[in-house]
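Trainee: Here's a sequence, model it:
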Amino acid sequence: MSWFYIFIFIISCIILYFSGEWVVGGLMRIARFLGWREFVVAFFVMAFAASLPNLFIGITSALIQIPEFSFGDVAGNNIVALTIAVALAVLISKKELPAESKTVQTTSVFTMIAAILPLILILDGSLSRVDGVLLIILFLFYCSWLFSKRERFTRIYEEHKDSIIKEFKVFLKDLGKVILGIILLVGAAQGIVSSAQFFAQNFNVSIILIGILITGLGSALPEVYFAIASARKEKTWMILGDLMGSVIVPATLVLGIVALISPIKILDPSPLLIARFFLIISALFFFFFVRTGQKITKKEALFLLSLYIIFVLVEILTKYKASEI
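Mentor: Model (predicted):
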């Protein structure tokens, strides 16, 4: 039976990755066809699309009364986005990651607040419906600020356009990919949550820890993929916008929705202690790097990468020592 759930978990993670990639790529091309501005695509469309795995995992886990799994998933996702995704983008790119834009600078403040606020709200052992409403209000406030000034949307795509008929055919194809990708995301989320629940019950592993270390990494793969692809194409201006949005959306909108469906109660905070510490450290250093030099250098990228490696090693060693006692 355990091998069956391991197989389901692996297959679901693979489906989650490819379906997430389909949705992200499809929405990107649809946005171009509809003439949406680059800024909207980078800061909103891409970030929201890449957060769909977190959303489906969150809703599924909330409906079967294990919403704490979603909390672990979002925490793990945010650590990956702020460390691995940023680091790989900088290391692969030929140049440093620019952050001189006023919009990027201000969004970095929202990113730090969004990453840390859920950790503060759950200090009392519960992320209540009131907390969920507060997180959603923060998301809406960010969106209202984001769309408040016209000059944020002045940059448009300059790529050559094909014939209308050819573009429309591609549009329909991408729309089909997005719909299929979303259907697969729903199925993959169900498989991941069910198998994670089995592991937690039968292998004495906290479901929060599974979310942080495994599912959080899996659901963050679309962000990592987009960051690497953008770095290879030297579209570095899109990377920080997408990654910061990919932290803000899950930490506010997703957790807010999950808390409204089923309040998140963490009776034993020990599985979350290490992740909480490293998430706060990652958010603070990311904020510091973006705000001070208005760019992220290769050395800073290596530091962020090493931070994630240390986090994983500490989690594994702590779990190993706990199992020996």
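Trainee: Quick check: Ala301 vs Ala89, distance?
Mentor: If you measure Ala301 against Ala89 using C-beta to C-beta, to the nearest Å, the figure is 8 Å. For every residue, glycine as well, the C-beta is placed using N, CA and C.
Trainee: Would you state the strands of the chain in chain order?
Mentor: Across the chain, reading from the start of the chain, the strands by DSSP state E fall at 97-98, 126-127, 264-265, 295-296.
Trainee: want to try CSV for those, with mean neighbour count, distance to Thr111 and mean pLDDT as columns?
Mentor: Listed next are these as CSV, based on neighbours: other C-beta atoms under 10 Å; distance: least, C-beta to C-beta, whole Å; pLDDT from 0 to 100:
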stretch, mean neighbour count, distance to Thr111, mean pLDDT
strand 97-98, 20, 14, 82
strand 126-127, 22, 19, 94
strand 264-265, 21, 21, 92
strand 295-296, 21, 13, 88
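Trainee: Could you export the ones you listed as JSON lines, including distance to Ala85?
Mentor: Converted to JSON lines, the strands of the chain look like this (distance: least, C-beta to C-beta, whole Å):
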{"stretch": "strand 97-98", "distance to Ala85": "11"}
{"stretch": "strand 126-127", "distance to Ala85": "25"}
{"stretch": "strand 264-265", "distance to Ala85": "25"}
{"stretch": "strand 295-296", "distance to Ala85": "11"}
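Trainee: on that earlier part again, neighbour count winner among Ala301 and Ala89?
Mentor: Neighbours of Ala301 and Ala89, each counted by other C-beta atoms under 10 Å, are more numerous for Ala89; the result is 27 against 23.
Trainee: Give me the residue ranges of the stretch 151-300 of the chain where confidence is low.
Mentor: Applying pLDDT under 70 to the stretch 151-300 of the chain flags residues 151-164, 235-237.
Trainee: how about the helices of the stretch 201-325 of the chain, start to end?
Mentor: Listed from the start of the chain, the stretch 201-325 of the chain has helices (DSSP state H, counting those that start in this stretch) covering 207-210, 216-219, 221-232, 236-248, 255-261, 270-292, 298-324.
Trainee: Ok, which of those helices comes nearest Asn77?
Mentor: Proximity of the helices of the stretch 201-325 of the chain to Asn77 was assessed by C-beta to C-beta; the nearest stretch is helix 216-219, lying at 4.6 Å.
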